[in-house]
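Engineer: sequence first, then the predicted structure:
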Amino acid sequence: MKNIWSITKKELGSYFTSPIAYVVIFGFQLLFGFFFYNLVWWFNAQAMQMAQNPYYYQQANINQMVYAPLFHNMSIILILVVPLLTMRVLAEEKKIGTEELLFTSPVSVTQIILGKYLASIIVLAAMLGLTAMLSVVAFAYGNPEFAPWLIGYIGLFLMGATFIAIGFFFSSMTDNQIVAAFLTFSALLLLLVLNWVTASGSGTWQSVLGYLSFSQHFEDMTRGILDTKDVVYYASLSFYGLFLTHSVIQSRRWR
Amino acid sequence: MIEVQDLTKKYGDLTAVRNLSFKVETGKIWGLLGPNAAGKTTTMRILTGYLPATEGKASVAGFDVFEQPNEVKKAIGYLPEVVPLYPEMTVAGYLGFVAAIKQVPAAKRKGAVAKVLRSATLEDVKGRLIKNISRGYKQRVGIAQAMIHDPQVLILDEPTIGLDPAQIKEIRELIKSLRSEHTVLLSTHILAEVTQVCDGVVIINDGRLMASGSLEELTASFRRKEGVMVKVRRGGEEAAEAARRIPGVGNVSVEGNEVRIEWSAGRDLRDEVARLAVERGLGLLEMRPVAMNIEDLYLQVVSGGIEQ
């Protein structure tokens, strides 16, 4: 555990001494703010109109009308952002030769990967946490429900953590950061749209591919529904990503 | 102590190290000497647990490299060929990180960092980012990180490469000061480094062991032989042929019109050699004693003159 934390601290240091983390977090906040502002503005306009009719007014729901689409948008932004956060994580160690220091230290490959993963997740949490500050306004001047809002955030976090594990895998395969970033981006986009095949029918493989897609599992969470099935999906995909990362590192040394 | 037995490493079809065996005693400094691409780095990577061997055994500080890699890693300080530095870290921050992953207890880390900063004379740059310091300083940071956990065994891959003469001298002094408390294996392709710093040497070429032993042992074995280098105007081959027939002559080698004739110590065959050259009318141009030392041996190894 101490070893993991040593690696995590070093990784956090390298995120925040280089401009990567600041730039990525700044961009993420900017986009989040823009989407949030627009959706709230649109919601206000809708609410004004709905106010003419008491029946419709009951239907105006900030969780459904602002947060659900907002979380949806942010999941797409995560697909763009996560590859930039994970591309250097293992590729750079290989390129500059520091992996030789790590792998000849009494620290296991699993500890190295977990330490790095923890650091990336902390950056993700910080990035999402900062956006949550905007919601203070929504809670102060409106009445969104807390639980669905929180579940939406949990969903985004789980999704981001899964993206990161996939990013680790591609970063372990190359010493070129651009290659790692682009492969991660392609894989994430593919996993997002994989459920499109379900449109063409409902055979076995369509439902398998549909299950593998992120979209299905995130949908419920944006609406505030926390299903263990979705949590298991994210947890197992993350585990698998990290497991493959471990295998890639080990097999490379045995070649 | 470092012990290597029949070590072989293959990268696909390429054999980098073949049946290598040697032994370094506790408290000694040994050099792993060989030309570029001789297998020095591969051997060191295997000893430090970075690469697995294809065959063979190796043990460091009493632990088997393949069976107890974690114990071995704790006992070794390693300076890889490419110094593993994080450019965005400060010198002191980097050494603190290495101390942490080398399992130096948190309470002792500050002291350990201060100590290596002093012994590698890095105090002036401890707060600077590694990317902003000079090559010589980077190399010294590399050596400092290898020493941070006060390991029993130090494995240094080309510790003086890329340094200026003054820095080379400093680093050599630093390594010499480690003797007796540490066992050191350093690789180099410079013979002077071995004769100035090391107690013993392992000479390898093309992944094979060429010679190994303490400097005294090797020098003594050379002292058992004497010889001359004879330069003739014509007929080098003929001269060699005739020289081989002189009783007591050992090894004879020819290169153009230069003939190298060796015999075991205690005799003096120079008269016979001279007479032969004159009698046959080969045109004796030069005759000088050959210094039989490690340098000769190493030159022969590098030029491919010795096959084992």
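Structural biologist: Right, received. Where do you want to start? Numbers count the residues shown, from 1 in each chain, chains lettered A, B, ... in the order given.
Engineer: what about the strands in the stretch 51-200 of chain B?
Structural biologist: Ranges of strands in the stretch 51-200 of chain B, per DSSP state E, counting those that start in this stretch, are B:55-60, B:63-64, B:76-79, B:153-157, B:183-188, B:200-205.
Engineer: just the helices in the chain please.
Structural biologist: Assuming you mean chain A. A:2-17, A:19-50, A:54-59, A:62, A:68-86, A:88-96, A:99-103, A:109-132, A:135-141, A:146-173, A:177-193, A:204-212, A:214-222, A:228-254 (DSSP state H).
Engineer: was after chain B, sorry
Structural biologist: With DSSP H as the criterion, chain B has helices spanning B:40-47, B:69-75, B:91-101, B:106-119, B:135-147, B:165-176, B:191-197, B:215-223, B:236-244, B:270-279, B:294-302.
Engineer: now those helices in TSV, with distance to A:Ile154?
Structural biologist: Heads up, the C-betas are built off the backbone N, CA and C, glycines and all. Formatted as TSV, the helices of chain B follow (distance: least, C-beta to C-beta, whole Å):
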stretch	distance to A:Ile154
helix B:40-47	44
helix B:69-75	37
helix B:91-101	32
helix B:106-119	34
helix B:135-147	41
helix B:165-176	54
helix B:191-197	60
helix B:215-223	68
helix B:236-244	87
helix B:270-279	92
helix B:294-302	65
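Engineer: of all those helices, which one is nearest A:Glu11?
Structural biologist: Nearest to A:Glu11, of all those, is helix B:91-101, at 10.3 Å by C-beta to C-beta.
Engineer: so what's B:Arg270 up against?
Structural biologist: The contact partners of B:Arg270, taken as C-beta atoms under 8 Å, 6 or more residues apart in numbering or on different chains, are B:Val228, B:Met287.
Engineer: hey, which of the strands of the stretch 51-200 of chain B is tucked in deepest?
Structural biologist: Among those, the stretch with the highest mean neighbour count (mean count of other C-beta atoms under 10 Å in any protein chain shown) is strand B:76-79, at a mean of 27.
Engineer: ok, that strand: who's next to it in the sheet?
Structural biologist: If you go by DSSP bridges, strand B:76-79 pairs up with strand B:153-157 (parallel).
Engineer: picking that back up, format the strands of the stretch 51-200 of chain B as TSV; extra columns: mean pLDDT.
Structural biologist: Listed next are those as TSV, based on pLDDT from 0 to 100:
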stretch	mean pLDDT
strand B:55-60	92
strand B:63-64	93
strand B:76-79	94
strand B:153-157	94
strand B:183-188	93
strand B:200-205	90
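Engineer: how about those in JSON lines, adding distance to B:Trp30?
Structural biologist: Putting the strands of the stretch 51-200 of chain B into JSON lines (distance: least, C-beta to C-beta, whole Å) gives the following:
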{"stretch": "strand B:55-60", "distance to B:Trp30": "13"}
{"stretch": "strand B:63-64", "distance to B:Trp30": "18"}
{"stretch": "strand B:76-79", "distance to B:Trp30": "14"}
{"stretch": "strand B:153-157", "distance to B:Trp30": "10"}
{"stretch": "strand B:183-188", "distance to B:Trp30": "5"}
{"stretch": "strand B:200-205", "distance to B:Trp30": "5"}
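Engineer: to what extent is the closest residue to B:Arg172 other than its chain neighbours buried, counted in neighbours?
Structural biologist: Distance criterion C-beta to C-beta, 6 or more residues apart in numbering or on different chains; nearest residue to B:Arg172, sequence neighbours excluded, is B:Val197 at 5.2 Å. As a burial measure, B:Val197 scores 21 neighbours (other C-beta atoms under 10 Å in any protein chain shown).
Engineer: B:Val197 reaches B:Ile171, doesn't it?
Structural biologist: No: the pair B:Val197 and B:Ile171 does not pass the contact test of C-beta atoms under 8 Å, sitting 9.3 Å apart.
Engineer: who in chain B is up against chain A?
Structural biologist: Taking C-beta under 8 Å from any C-beta of the partner chain as the criterion, chain B approaches chain A at residues B:11-12, B:45, B:48-52, B:70, B:73-74, B:76, B:78, B:80, B:82-89, B:93, B:97-98, B:100-103, B:145.
Engineer: out of these, which end up buried?
Structural biologist: The neighbour-count test (16 or more other C-beta atoms under 10 Å in any protein chain shown) applied to the residues of chain B next to chain A identifies B:45, B:48-51, B:73-74, B:76, B:78, B:80, B:83-89, B:93, B:97-98, B:100-103, B:145 as buried.
Engineer: okay, and the helix or strand of the chain with the least pLDDT?
Structural biologist: Since you didn't name a chain, this refers to chain A. Here the helix or strand of chain A ranked lowest by mean pLDDT, DSSP states H and E is helix A:54-59, holding a mean of 72.
Engineer: got a list of contacts for the helix or strand following it?
Structural biologist: Next helix or strand after helix A:54-59 toward the C-terminus (DSSP states H and E): helix A:62. Helix A:62 is touched from outside by A:Phe43, A:Ala138, A:Gly142, A:Asn143, A:Pro144, with contacts defined as C-beta under 8 Å, 6+ apart.
Engineer: tell me who's in contact with A:Trp171.
Structural biologist: Rather than Trp, residue A:171 is Ser. A:Thr86, A:Met87, A:Arg88, A:Val89, A:Leu90, A:Ala91, A:Gln177, A:Ala180, A:Thr184, A:Thr245 are the contacts of A:Ser171 under C-beta under 8 Å, 6+ apart.
Engineer: swap in B:Asn257?
Structural biologist: Contacts of B:Asn257 (C-beta under 8 Å, 6+ apart): B:Lys231, B:Val232, B:Arg233, B:Arg234, B:Gly235, B:Gly236, B:Leu285.
Engineer: measure the nearest residue to the first one once chain neighbours are set aside to B:Val273 for me?
Structural biologist: Read that as B:Lys231. The shortest distance from B:Lys231 to any non-neighbouring residue, by C-beta to C-beta, 6+ apart, is to B:Glu286 (3.9 Å). The gap separating B:Glu286 from B:Val273 is 12 Å, by C-beta to C-beta, to the nearest Å.
Engineer: what is in contact with those two at once?
Structural biologist: Both B:Glu286 and B:Val273 are contacted by B:Val230, under the criterion C-beta under 8 Å, 6+ apart.
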